[in-house]
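Asks: give me a 3D structure for the following:
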Amino acid sequence: MVSKLLELLPSLPCTSEAIQISEEELDKIGNGAFKIFCKARENYIIMLAQVDSPFPSMAKALSERCWEELNTSHWAEVPHVWRVLYSYAALFRSTYHLNLYLQSSHSNVQAVKDALYYCDMGLIMGKPVLDNLLTKVASCCHQELTSCIQNTLTHSASTAAVCDELASRSDACPPISEPVPRLQCPSVERFVREVFGRRPAVLAGCVSHWPALRWTLTGLERTAGHRTVPVELGGRYTDAGWSQRLMTLGQFIEQHVRRPAAGAPPGYLAQYELFEQIPELGADVPTPEYCWVGAGDAVHTNIWLGPAGTVSPLHHDPKHNCLVQVLGRKFVQVFAPEETPRLYPHEAALLHNTSRVDAERPDLEQFPAFAGARHQEVELGPGDLLYMPPGWWHYVRSLSVSCSVSFWFE
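Replies: Prediction:
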């Protein structure tokens, strides 16, 4: 008899042979961790065939062992096998809780919440496994959770609409003395000939077909409100009190975007590969054709979602950047690489690409040369694409509730 879990997710692997790590990877984790993995895998296979399965204590132990490795070394130096094992542990734990939910005849809401949480943790911290199976399990969990919770929000739809209308109001844009040049939907050939690698430019009208331009806060909640995401807390990443916290997208929107609490630190879903985690949203933001003219084969896509007043300090990036404004408005200043001596970069290696100057409120006694730094400015609205070459400094402030998507490429 096929279990309810396999009826819901027939692509789940059912044998130990389908869940493997290579001998080369085994050498990097040691025999102890491998034993924990094998036992967790065995319990998962048993769970698929039984109604009353034991608590996945070995999967929990595997997850905790991987977590130690992922958080005690520099992220880039951690052998990727630990991320693979973390994803497997997330799969074992999430399917256990999803099975509890199904066995309860869809009444155990907390079980499906837990299942979705473990999926998202695997997607955030792990590595894709089994043809990115965790994304499919997560989408299934979100659909189940949305359908079994009649009121998924803490307010009515009408209240949300009113709040979204209030949140969409925009602060006045500062006066723009030297605007970034604007081109109306240039061809790729013209972009390469006149812009690429040479100067910033606003490319208007080239993403008017995007479904994302119809996004609303309420719509994002409906599509992904129960998904766990990492949120930055604090004015800007250079501040001493800056931190990160995991919360659902719905909690973030309600507590930090739609109706931020007075005195609470601003929240920002910033520089995060949300579309890798939630492909349903990624389908709404197809990569602009301008991103394929570079030398590399990969395009890294990040979301920037937050309330009015969120700031990205003056900094530069090592790759080409197509920044697309999806929702709301942003004020951007850009400075050419030759202005670097006037921008006072941090001396610490970690922040060498970030200026010590507050671009909108500079302390000219401490940073006098900044007064002579030439720059251009632009107010971005929905559908605008701002291209910036590598090494160009930029300062960004949200004038309203804002969502942007950046595409980095070499």
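
Asks: all contacts plus neighbour counts: C-alpha atoms, from now on.
Replies: Fine.

Asks: next secondary structure element downstream of the helix or strand hosting residue 101?
Replies: Residue 101 belongs to helix 80-103 when assigned by DSSP states H and E. Sequence-wise, the next helix or strand downstream of helix 80-103 (DSSP H and E) is helix 109-125.

Asks: how about the helix or strand just after that next one: buried residues?
Replies: Scanning forward in sequence from helix 109-125, with DSSP H and E defining helices and strands, the next element found is helix 133-148. Across helix 133-148, burial judged by 16 or more other CA atoms under 10 Å covers 133-142, 144-146.

Asks: if we take the residues you listed, which one ends up nearest to residue 23?
Replies: The shortest separation between residue 23 and any of these is 22.5 Å, and it belongs to residue 133 (by CA to CA).

Asks: export the buried residues of helix 133-148 to CSV and tack on pLDDT and distance to residue 49?
Replies: Formatted as CSV, the buried residues of helix 133-148 follow (pLDDT from 0 to 100; distance: CA to CA, whole Å):
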residue, pLDDT, distance to residue 49
133, 97, 19
134, 97, 20
135, 97, 23
136, 96, 21
137, 97, 18
138, 98, 21
139, 96, 23
140, 96, 20
141, 96, 20
142, 96, 24
144, 93, 22
145, 93, 24
146, 91, 27
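
Asks: in TSV, list the residues you listed along with distance to residue 394.
Replies: What follows is those, written out as TSV (distance: CA to CA, whole Å):
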residue	distance to residue 394
133	38
134	36
135	34
136	37
137	39
138	36
139	36
140	40
141	39
142	37
144	42
145	41
146	40
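
Asks: C-alpha coordinates for the helix holding residue 101, CSV please?
Replies: Taking only C-alpha atoms (Å, rounded to 0.1, in the frame of the first residue of the first chain), the coordinates of helix 80-103 have been written out as CSV:
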residue,chain,number,x,y,z
HIS,A,80,30.1,21.3,0.7
VAL,A,81,29.3,17.8,2.0
TRP,A,82,28.2,19.3,5.3
ARG,A,83,25.6,21.3,3.4
VAL,A,84,24.5,18.2,1.5
LEU,A,85,24.1,16.3,4.8
TYR,A,86,22.2,19.3,6.3
SER,A,87,19.7,19.2,3.4
TYR,A,88,19.2,15.4,3.9
ALA,A,89,18.6,16.0,7.6
ALA,A,90,16.1,18.7,6.7
LEU,A,91,14.3,16.3,4.3
PHE,A,92,14.1,13.6,6.9
ARG,A,93,12.7,16.0,9.5
SER,A,94,10.3,17.8,7.3
THR,A,95,8.8,14.6,5.8
TYR,A,96,8.3,13.2,9.4
HIS,A,97,6.3,16.2,10.4
LEU,A,98,4.4,16.3,7.1
ASN,A,99,3.5,12.7,7.7
LEU,A,100,2.2,13.6,11.2
TYR,A,101,0.0,16.2,9.5
LEU,A,102,-1.4,13.7,7.0
GLN,A,103,-2.0,11.1,9.6
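
Asks: now the angle from it to helix 133-148?
Replies: Relative orientation of helix 80-103 versus helix 133-148 (axes from the mean of the first three to the mean of the last three CA atoms, to 10 degrees): 30 degrees.

Asks: please name every helix or strand in contact with helix 80-103.
Replies: Under the contact criterion of 3 or more CA pairs under 8 Å, 6 or more residues apart in numbering; DSSP states H and E, the helices and strands touching helix 80-103 comprise helix 4-8, helix 23-49, helix 57-72, helix 109-125, helix 133-148.

Asks: quick check, central residue of this structure?
Replies: residue 272 (2.6 Å; CA atoms, centre = their mean).

Asks: can you list contacts of the helix or strand that residue 190 is a member of?
Replies: Assignment of secondary structure by DSSP H and E places residue 190 within helix 188-194. Judged by CA atoms under 8 Å, 6 or more residues apart in numbering, the contacts made with helix 188-194 from elsewhere in the structure are 289, 290, 293.

Asks: could I get these as JSON lines with neighbour count?
Replies: JSON lines is the format used below for the contacts of helix 188-194 (neighbours: other CA atoms under 10 Å):
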{"residue": "289", "neighbour count": "11"}
{"residue": "290", "neighbour count": "19"}
{"residue": "293", "neighbour count": "15"}
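
Asks: before we move on, back to that, for the helices and strands packed on helix 80-103, state which one has the densest average packing.
Replies: Here the criterion is mean neighbour count by mean count of other CA atoms under 10 Å, and of the helices and strands packed on helix 80-103 the winner is helix 109-125, at a mean of 24.

Asks: quick check: angle from that one to helix 57-72?
Replies: Orientation of helix 109-125 against helix 57-72 (the same axes, to 10 degrees) gives an angle of 40 degrees.

Asks: contacts for helix 109-125, please.
Replies: Residues outside helix 109-125 that contact it (CA under 8 Å, 6+ apart) are 83, 86-91, 93-98, 100-101, 134-135, 137-138, 141-142, 144-145, 148-149, 226-229, 277.

Asks: just give me how far stretch 316-334 sits from the chain centre.
Replies: Taking the mean of its C-alpha atoms, stretch 316-334 sits 16 Å from the chain's own mean (CA atoms, centre = their mean, to the nearest Å).

Asks: so how far is the first residue of that stretch from its last?
Replies: Chord length of stretch 316-334, first to last residue, is 9 Å (CA to CA, to the nearest Å).

Asks: and stretch 285-303, by the same measure?
Replies: Between where stretch 285-303 begins and where it ends, there is a gap of 10 Å, by CA to CA.

Asks: in that stretch, what counts as buried?
Replies: 285, 287, 290, 291, 294, 299, 300, 301, 302, 303.

Asks: what sits up against it?
Replies: With contacts defined as CA under 8 Å, 6+ apart, stretch 285-303 is touched by 188, 191-192, 206-207, 210-212, 269-275, 322, 403-410.

Asks: the residues you listed in strands, which ones?
Replies: Using DSSP state E, the members of the contacts of stretch 285-303 that fall within strands are 269, 270, 271, 272, 322, 403, 404, 405, 406, 407, 408, 409.

Asks: where does pLDDT dip in the stretch 151-300 of the chain?
Replies: Counting by pLDDT under 70, the stretch 151-300 of the chain contains low-confidence residues at 151-168.
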